[in-house]
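Colleague: Starting from these lines, generate the structure:
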Amino acid sequence: MIEPRLQSQALLTARALDPSFYVGSEMPAVDRKLVFARTWHLVGHVSQLAEAGDHLAVETALAPILVVRDCDAVIRAFHNVCRHRAGPLALCDGKGAKALRCIYHGWTYTLAGQLRSAPEMNPLADYGLQDTHLFACQVAVWEGLIFVAAPNAIPFAEFSAGWDAPLRGLSPARYEFHARFHYDIACNWKVYCDNYLEGYHVPHIHPGLNSLLDYRQYVTEAGAWFSYQYSPLASADALYGDGDALYYFIFPNTMLNLLPGRLQINRVIALGAERCRVTFEYYYLPDAAPESLARRKADHDFSHQVQLEDLGICEHVQRGLASGSYQPGRLNPLRENALHHFHELLRSAYRADTQTR
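Modeller: Presented below is the predicted three-dimensional model:
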């Protein structure tokens, strides 16, 4: 029998996810096993890997990942973990590497992930190391964005079904990486995702953002493994100008925020049961004109203010969830349908574990 907190719920009568899934020292391991190991994770843009040896060192909810373009121009991804004693192969993004070298003991791998040398342990054949390879991930590219997954994850074609239709001409394929920022927040990673998934709070928490969006035309739709929020956008030319605002949520912890001429990526990483880190990455069309650089600065400043507003309310919500008095409340079917979709995917993942025990 399925326990009550894991039972599927119809949207019209749905309640929020049980607070027990947001607290407790066991939840990070549960989420890694049941959620993150079975899904795909955004790690960057093809523009960051223009030449052989260009690489990205990315912290994901799956594992620390190293993404590299090899000598045959193939984009590969590995756990950023040496097979010797788990040292990292790179601590930051880089260009033009000839090989992948662990900074701990100097074990060196080809760009295709095969061990090439191990100091003071040569010849490799004497130690049975000639067949040692870095732990590889699956790789897929959509609209210039690079995704990775564990070997047993959902097929990418199934996972990404439906992503193209809502783009409305806002494809990030021609964008280039600009800047990266991090925010550490005292809340479970799911609290941050919950908050992102509904515009219900926008008039109450984000006065600046609310003034740019048309809340009356704010639409939220859900697909199989993603959802999106859409609104007409009206702002000064010195910020975004007029157009569309499109917010993708890709299960379980990736956000794509598309505005005219700009892509912002958010990745949410658990740092414990009640802490997470949100990485913000900004991508723009190539343009070094002074007015374009000024708009980028205005974008960063505006986005930072919105993020501080989200940070504050998420930390308050986490304290409420951990209070012991909160019982799951009714969701708003009109404004919280994407939140309900997220909770249903989580309940399904958690149920799968109980059914195999």
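
Colleague: When you work out contacts or count neighbours from here on, use the C-alpha atoms and nothing else.
Modeller: Noted.

Colleague: got the residue ranges for the helices in the stretch 251-357 of the chain?
Modeller: Remark: helices assigned in the stretch 251-357 of the chain by DSSP state H, counting those that start in this stretch are 290-321, 337-355.

Colleague: repeat for the stretch 1-150 of the chain
Modeller: Shown for the stretch 1-150 of the chain, the helices assigned by DSSP H, counting those that start in this stretch span residues 27-34.

Colleague: Okay, now the unreliable bits of the protein?
Modeller: Applying pLDDT under 70 to the chain flags residues 122-127, 354-357.

Colleague: Break this structure down into its structural domains.
Modeller: 40-149, 168-345 (automatic domain parsing).

Colleague: Quick one: closest of those domains to V23.
Modeller: domain 168-345 (5.6 Å; Cα to Cα).

Colleague: ok, back up a step: okay if I get the helices of the stretch 251-357 of the chain as a markdown table plus mean neighbour count?
Modeller: Below are the helices of the stretch 251-357 of the chain laid out as a markdown table (neighbours: other Cα atoms under 10 Å):
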| stretch | mean neighbour count |
| --- | --- |
| helix 290-321 | 16 |
| helix 337-355 | 19 |
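
Colleague: okay, those helices in TSV with distance to N253 next?
Modeller: Converted to TSV, the helices of the stretch 251-357 of the chain look like this (distance: least, Cα to Cα, whole Å):
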stretch	distance to N253
helix 290-321	15
helix 337-355	10
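
Colleague: do you know which of the domains of the chain lies nearest L6?
Modeller: When the domains of the chain are compared for distance to L6 using Cα to Cα, the nearest one is domain 168-345, at 8.7 Å.

Colleague: roughly how far is the closest one from the heart of the chain?
Modeller: 12 Å (Cα atoms, centre = their mean, to the nearest Å).

Colleague: Need the distance between the two termini of it.
Modeller: 26 Å (Cα to Cα, to the nearest Å).

Colleague: so F159 touches G223, yeah?
Modeller: No. The criterion here is Cα atoms under 8 Å, and F159 misses it with G223 at 9.8 Å.

Colleague: So between the two, which is more surrounded?
Modeller: F159 (18 against 15; other Cα atoms under 10 Å).

Colleague: Backbone torsions only: list them for the residue nearest to that one when sequence neighbours are not counted.
Modeller: Once flanking residues are discounted, F159 sits nearest to W225: 5.9 Å by Cα to Cα, 6 or more residues apart in numbering. W225 adopts backbone torsions of phi -120, psi 20, taken as degrees, to the nearest 10.

Colleague: L11 versus W225, what's the distance?
Modeller: Using Cα to Cα, W225 is found at 17 Å from L11.

Colleague: May I have stretch 225-238 exported as PDB, CA atoms only?
Modeller: The C-alpha coordinates for stretch 225-238 follow below in PDB (Å, rounded to 0.1, in the frame of the first residue of the first chain):
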ATOM      1  CA  TRP A 225       9.600  16.500 -17.500                       C
ATOM      2  CA  PHE A 226       9.400  20.200 -17.700                       C
ATOM      3  CA  SER A 227       7.100  23.200 -17.200                       C
ATOM      4  CA  TYR A 228       7.200  26.800 -18.400                       C
ATOM      5  CA  GLN A 229       5.800  30.200 -17.400                       C
ATOM      6  CA  TYR A 230       5.200  32.800 -20.000                       C
ATOM      7  CA  SER A 231       4.200  36.500 -19.900                       C
ATOM      8  CA  PRO A 232       4.400  39.500 -22.200                       C
ATOM      9  CA  LEU A 233       7.200  41.800 -21.000                       C
ATOM     10  CA  ALA A 234       7.300  45.600 -21.100                       C
ATOM     11  CA  SER A 235      10.500  47.400 -19.900                       C
ATOM     12  CA  ALA A 236      12.700  50.300 -20.700                       C
ATOM     13  CA  ASP A 237      15.100  49.900 -23.700                       C
ATOM     14  CA  ALA A 238      18.000  50.300 -21.200                       C
END
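
Colleague: how about it: buried residues?
Modeller: 225-234 (16 or more other Cα atoms under 10 Å).

Colleague: List of residues touching it?
Modeller: Residues from elsewhere that reach stretch 225-238 (Cα atoms under 8 Å, 6 or more residues apart in numbering): 159-161, 163, 166, 197, 199, 212-215, 217-222, 240-251, 291, 294-295, 298, 338.

Colleague: quick one: C187 and H343, what's the gap?
Modeller: 17 Å.

Colleague: can you redo the buried residues of stretch 225-238 as CSV with secondary structure and distance to A37?
Modeller: As requested, these are exported to CSV (DSSP: H, G, I helix; E, B strand; the rest coil; distance: Cα to Cα, whole Å):
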residue, secondary structure, distance to A37
W225, coil, 15
F226, strand, 17
S227, strand, 20
Y228, strand, 23
Q229, strand, 26
Y230, strand, 29
S231, strand, 33
P232, strand, 36
L233, strand, 36
A234, coil, 40
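
Colleague: Adding distance to I205, write the residues you listed out as a markdown table.
Modeller: Output for those, formatted as a markdown table (distance: Cα to Cα, whole Å):
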| residue | distance to I205 |
| --- | --- |
| W225 | 27 |
| F226 | 24 |
| S227 | 22 |
| Y228 | 20 |
| Q229 | 17 |
| Y230 | 18 |
| S231 | 17 |
| P232 | 19 |
| L233 | 18 |
| A234 | 19 |
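
Colleague: Thank you, goodbye.
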